[in-house]
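Undergrad: Give me coordinates for this.
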Amino acid sequence: MQQEPISATRGNEAVAALRAALGADIVSLPAEFGGRRFADWSGTPSTDPIALIRPRTTEEVATALRICHQFRQPVVTQGGMTGHAGGACVLGGEVALSVERMNGVIDIDPVSATMTVFAGTPLQVVQEAADHAGFMFALDLGARGSCTIGGNIATNAGGNRVIRYGMMRDQVLDVEAVLADGSVIGGERKMIKNNTGYDLRNLLTGSEGTLAVITRAVLRLRAKPRAISTAWCGMPDYAAVTTLLGRAQERLPAGVSAFEVMWPSYCDFVRQRLPELRVPLASDHAYYVLLETCGADPERQSAAFEEFLADMLNAGVIADAAIAQSDADAAAFWAIRDAPAEYPRLIPGRISFDISFAVAQAGDAAQRCDERLRALAASDDPRLWASRRRQSARSGARTWLDRRGHRRRQARRL
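TA: Okay, here's the model as predicted:
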């Protein structure tokens with residue numbers, strides 16, 4: 001079915017109605033954008049919207065969507081603009097609705113171990129608020145300083161601790177959202193056990209802004225770990241990687257909180273382009289694993305972690321390993337893993353994607369992709385050269401992508 005063309009007249013009428021109902025402070029016109037960017041990190045071509053809506057309350061979001069629904073005016077929802085899939089980009093003729101002003105922690109309930117926040121609150125603000133209250137918010141990813149909770153929910157973000165705590169949907173207890181016609185749904189339930197009616201929380205999580213605009217959320221907090229042990233492991237092959245994962249989950253007293261696998265091509269790329277980063281091991285390996293475990297008993301955990309790694313070295317599962325001796329060491333390890341946050345600068349004009357495989361299949365799939373890409377690069381395949389021409393043409397226009405204001409962990413030499 002073809003999309004109905006966007007009428008300029010109808011768009012003008014919609015913007016006039018929005019401006020009349022919400023005021024010039026909420027609804028900005030193109031002449032008032034002041035050079036604002038309307039594209040995410042993907043490099044997807046984007047243009048200016050016909051208006052920018054920046055509501056402060058759920059009621060203002062409802063009013064805006066109700067008017068847009070009345071005039072059949074398309075809307076693009078925007079959060080921290082850190083996505084890699086172009087979902088927040090403006091194609092032409094839409095109004096942009098940014099939740100940036102809906103920012104802040106509404107409530108922390110230490111008894112229920114929950115936090116209620118507005119959708120525009122940056123992830124790092126939530127992490128720091130949880131930490132100050134004596135808890136941990138489990139989601140973590142490289143764009144923590146810029147990405148918003150609403151965007152994390154809309155994309156069902158995974159992040160660094162998914163192996164233990166699950167995806168973003170596992171960190172959310174309830175959401176409030178506004179439908180296209182302005183109806184407000186959801187609420188602020190703080191229960192883990194909730195079998196009331198349809199599961200709107202899971203329906204909206206991962207919906208990418210297609211079903212509703214998320215305005216606030218009740219987040220699940222976890223006990224703050226008293227001990228965090230981190231190691232950088234060099235692995236001989238992919239079979240050893242999966243063996244290490246299984247044995248770590250079986251033997252480590254606190255389980256596995258993070259298990260990040262990196263290929264040497266990735267580490268070489270990062271080291272060459274970000275010289276401030278340093279891979280902890282002197283020798284090269286077929287794979288690298290960033291292994292982390294979080295628990296409540298620092299002394300017991302540290303001893304068990306070192307004993308486990310020693311056993312894995314003796315068994316030949318691990319070829320070499322470095323254990324973080326301080327928070328700075330651990331941050332330096334994580335800085336290597338967080339380097340994709342710099343990809344917009346390092347690889348202008350790239351096309352991003354996120355593909356999932358079963359653990360047992362991931363190694364083979366990556367190897368086959370690598371082989372085909374290398375063969376393509378060595379050939380005169382016109383697909384490659386067309387892609388390079390597109391990247392070259394776009395790189396100058398996308399240089400602004402190297403600074404989004406997010407804060408990534410800084411590495412130092414070990």
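Undergrad: could you pull out the helices for the stretch 201-350 of the chain?
TA: 238-251, 264-273, 298-314, 327-337, 343-346 (DSSP state H, counting those that start in this stretch).
Undergrad: Sorry, wrong one. I was asking about the stretch 1-150 of the chain.
TA: 8-22, 58-70, 123-132, 149-154.
Undergrad: Would you enumerate the residues in contact with Ala286?
TA: 235-238, 264 (Cβ atoms under 8 Å, 6 or more residues apart in numbering). In short, each C-beta sits where N, CA and C put it, glycine included.
Undergrad: what's the closest of the helices of the stretch 201-350 of the chain to Asp140?
TA: helix 327-337 (9.1 Å; Cβ to Cβ).
Undergrad: which parts of the closest one are buried?
TA: Neighbour-count burial for helix 327-337 flags 329-337 (criterion: 16 or more other Cβ atoms under 10 Å).
Undergrad: what angle do that helix and helix 264-273 make?
TA: Interaxial angle, helix 327-337 versus helix 264-273 (axes from the mean of the first three to the mean of the last three Cα atoms, to 10 degrees): 110 degrees.
Undergrad: neighbour-wise, which of the contacts of Ala286 leads?
TA: Within the contacts of Ala286, most neighbours by other Cβ atoms under 10 Å means Met235, with 24 neighbours.
Undergrad: thinking Leu221 is in contact with Met136, fair?
TA: Yes: taking contacts as Cβ atoms under 8 Å, Leu221 lies within contact range of Met136: 6.9 Å.
Undergrad: So for stretch 257-269, mean pLDDT?
TA: For stretch 257-269, the mean per-residue pLDDT is 91.
Undergrad: Off-centre distance for that stretch?
TA: Here the centre of stretch 257-269 is set off from its chain's centre by 17 Å, with Cα atoms, centre = their mean, to the nearest Å.
Undergrad: Kindly report the same for stretch 159-167.
TA: 12 Å.
Undergrad: And stretch 359-373, by the same measure?
TA: Using Cα atoms, centre = their mean, the offset of stretch 359-373 from its chain centre is 23 Å.
Undergrad: How confident was the prediction at the residue lying closest to Ile149 once chain neighbours are set aside?
TA: Among residues not flanking Ile149 along the chain, Thr121 sits closest, at 5.1 Å (Cβ to Cβ, 6 or more residues apart in numbering). Per-residue pLDDT puts Thr121 at 96.
Undergrad: what sits against Thr121?
TA: 102-105, 148-149.
Undergrad: ok, of the residues you listed, which one's closest to Asp297?
TA: Looking across the contacts of Thr121 and measuring by Cβ to Cβ, the closest to Asp297 is Val105, at 30.2 Å.
Undergrad: what's the burial count for the closest one?
TA: 18.
Undergrad: Surely it is in contact with Pro122?
TA: No: with contact defined as Cβ under 8 Å, Val105 does not reach Pro122; the gap is 11.0 Å.
Undergrad: Quick check: which element contains the closest residue to Thr196 other than its chain neighbours?
TA: Once flanking residues are discounted, Thr196 sits nearest to Arg189: 8.0 Å by Cβ to Cβ, 6+ apart. Assigned by DSSP states H and E, Arg189 belongs to no helix or strand.
Undergrad: For Arg189, list the residues it contacts.
TA: Contacts of Arg189 (Cβ under 8 Å, 6+ apart): 173-174, 196, 218.
Undergrad: which of the residues you listed sit farthest apart?
TA: Applying Cβ to Cβ across these, the maximum distance is between Thr196 and Val218, 14.0 Å.
Undergrad: So, low pLDDT: which residues of this structure?
TA: In the predicted model of the chain, residues 1-7, 84, 344, 349, 351-352, 380-414 satisfy pLDDT under 70.
Undergrad: contact partners of the longest helix belonging to it?
TA: Ranked by number of residues, the top helix in the chain under DSSP state H is helix 359-378. Residues from elsewhere that reach helix 359-378 (Cβ under 8 Å, 6+ apart): 238-239, 241-242, 245, 261, 263, 265, 357, 383-384.
Undergrad: sorry, back to before: give me the buried entries from the contacts of Arg189.
TA: Here, 16+ other Cβ under 10 Å leaves 173-174, 218 buried among those.
Undergrad: Looks like Met81 contacts Cys89 (just checking).
TA: No: the pair Met81 and Cys89 does not pass the contact test of Cβ under 8 Å, sitting 9.1 Å apart.
Undergrad: who touches both of these two?
TA: By Cβ under 8 Å, 6+ apart, the residues touching both Met81 and Cys89 are 39-40.
Undergrad: returning to what we had before: if you count surrounding residues, which of Leu221 and Met136 has more?
TA: Neighbours were tallied for Leu221 and for Met136 using other Cβ under 10 Å; the higher tally belongs to Leu221 (22 against 19).
Undergrad: Chain neighbours aside, what residue packs nearest to the more buried one?
TA: Phe135 (3.9 Å).
Undergrad: Okay, and the beta partners of that neighbour?
TA: Under DSSP bridges, the beta-bridge partners of Phe135 are Ala223.
Undergrad: and the nearest residue to Cys294 once chain neighbours are set aside, what does it touch?
TA: In space, and not counting its chain neighbours, Cys294 is closest to Pro225: 3.6 Å by Cβ to Cβ, 6+ apart. For Pro225, the contact set (Cβ under 8 Å, 6+ apart) comprises 136, 254, 257, 294-296.
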